[in-house]
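Colleague: got a predicted structure here, sequence first:
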Amino acid sequence: MRINNSFKAILLMVLCTIFTSIGQISWKFGINRIDLSALITIFNVPFILGFILYGVGFLLMLSAFKYGELTVLFPIIATSYVWVSLLSSWLFPDTMNVWKWMGVMLILFSVSLLGLASKKENEDQKVMVNG
Amino acid sequence: MVSFLALAIIFVGSFIGATGTAVMKKGTNKYTFKRLLFSIDFWDGLFLYIVSTVFYLIVLSMEQLSVIYPLVSLTYIWTTILSVKYLGEKMNKWKYFSLTGIILGIVLIGIGS
């Protein structure tokens, strides 16, 4: 199967959200270790790791931008709500509820629609080229 | 009740963030990845991102997540408008459907938070 550019861009964006989501969770751990009376505690491993993970996510987003449209790629960032909700419910018990589950499902469904939207667009372009 | 100040900060902050994204996207259209990191588009975009993050952090200290989440999804609307207006992208019914679904999904997560 040939992987076309728009599919590659979508995969890169989803990978980006995985990095930024783990980054957010890492910050959550890191912030708990910061003691404002001893500022050196800012340099704790999870807090710094959060920045590194965010940086990697940012570079992945930039490389995705090259291969697709912003109207398709940017909304995929919402997938990070899904990862953060799922990761938090695993790491910090009792954080999920019916509203959050419905939101997670709706975001997943909508992001899949976006994939379809970009596929549809490619087909339209092909028709234009051939016609 | 959400304060007017918080609303105003999110409104402006999300717009600045979306502008940053659009500027960087413009950069990726023009340059290779390596050249991009030395381009003015990249640094402009990064600067706008940092400004919008500061706005976001201010609001985080003012309001609860259940209020902030739905409002921050304004970013998706700004980004779409900017993409169509300045990057020449086209919308279709699928994109409108999914954009609406994503924003509703974020509102639901906000309600649950």
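Modeller: Cool, got the structure.

Colleague: can you map out the helices along the chain?
Modeller: As the question left the chain open, I've gone with chain A. Ranges of helices in chain A, per DSSP state H, are A:5-32, A:45-65, A:70-73, A:79-91, A:98-130.

Colleague: you answered for a different chain; I wanted chain B.
Modeller: Using DSSP H, helices in chain B cover B:4-30, B:33-36, B:40-60, B:65-72, B:74-86, B:93-112.

Colleague: of all those helices, which lies closest to A:Ile18?
Modeller: In terms of CB to CB, the element of the helices of chain B nearest to A:Ile18 is helix B:93-112, at 17.4 Å. To be clear about C-beta, it is placed using only N, CA and C from the backbone, and glycine gets the same treatment.

Colleague: tell me what angle the closest one forms with helix B:65-72.
Modeller: Comparing the axes of helix B:93-112 and helix B:65-72 via axes from the mean of the first three to the mean of the last three CA atoms, to 10 degrees yields an angle of 160 degrees.

Colleague: quick check, central residue of chain A?
Modeller: Among the residues of chain A, the one closest to the centroid is A:Thr17, at 1.6 Å (CA atoms, centre = their mean).

Colleague: and chain B, by the same measure?
Modeller: Chain B has B:Thr75 as the residue nearest its centroid, 3.0 Å off, counting by CA atoms, centre = their mean.

Colleague: quick one: the nearest residue to that residue once chain neighbours are set aside from chain A, how far?
Modeller: Spatial nearest neighbour of B:Thr75, chain neighbours left out: B:Ser14 (4.4 Å); criterion: CB to CB, 6 or more residues apart in numbering or on different chains. Computed as CB to the nearest CB, to the nearest Å, the B:Ser14 to chain A distance reads 12 Å.

Colleague: least confident secondary structure element in chain B?
Modeller: For chain B, counting by mean pLDDT, DSSP states H and E, helix B:65-72 ranks last in confidence among helices and strands (a mean of 84).

Colleague: what packs against that helix?
Modeller: helix B:4-30, helix B:40-60, helix B:93-112 (3 or more CB pairs under 8 Å, 6 or more residues apart in numbering or on different chains; DSSP states H and E).

Colleague: list the contacts of the residue lying closest to B:Ser3 once chain neighbours are set aside.
Modeller: The spatially closest residue to B:Ser3, leaving aside those adjacent along the chain, is B:Met62, at 6.8 Å (CB to CB, 6+ apart). Neighbouring residues of B:Met62 by CB atoms under 8 Å, 6 or more residues apart in numbering or on different chains: B:3, B:5-6, B:9.

Colleague: the nearest residue to A:Asp35 once chain neighbours are set aside and chain B: what is the separation?
Modeller: The shortest distance from A:Asp35 to any residue other than its chain neighbours is 4.7 Å, reached at A:Thr41 (CB to CB, 6+ apart). Distance check for A:Thr41 against chain B: by CB to the nearest CB, it reads 19 Å.

Colleague: thought A:Thr41 was touching A:Ile34?
Modeller: Yes. Using CB atoms under 8 Å, A:Thr41 makes contact with A:Ile34 at a distance of 5.0 Å.

Colleague: how long is stretch A:89-96 from one end to the other?
Modeller: 6 Å (CA to CA, to the nearest Å).

Colleague: now it: average pLDDT?
Modeller: In this model, stretch A:89-96 carries a mean pLDDT of 82.

Colleague: buried sites along that stretch?
Modeller: Judged by neighbour count using 16 or more other CB atoms under 10 Å in any protein chain shown, the buried positions of stretch A:89-96 are A:89, A:95-96.
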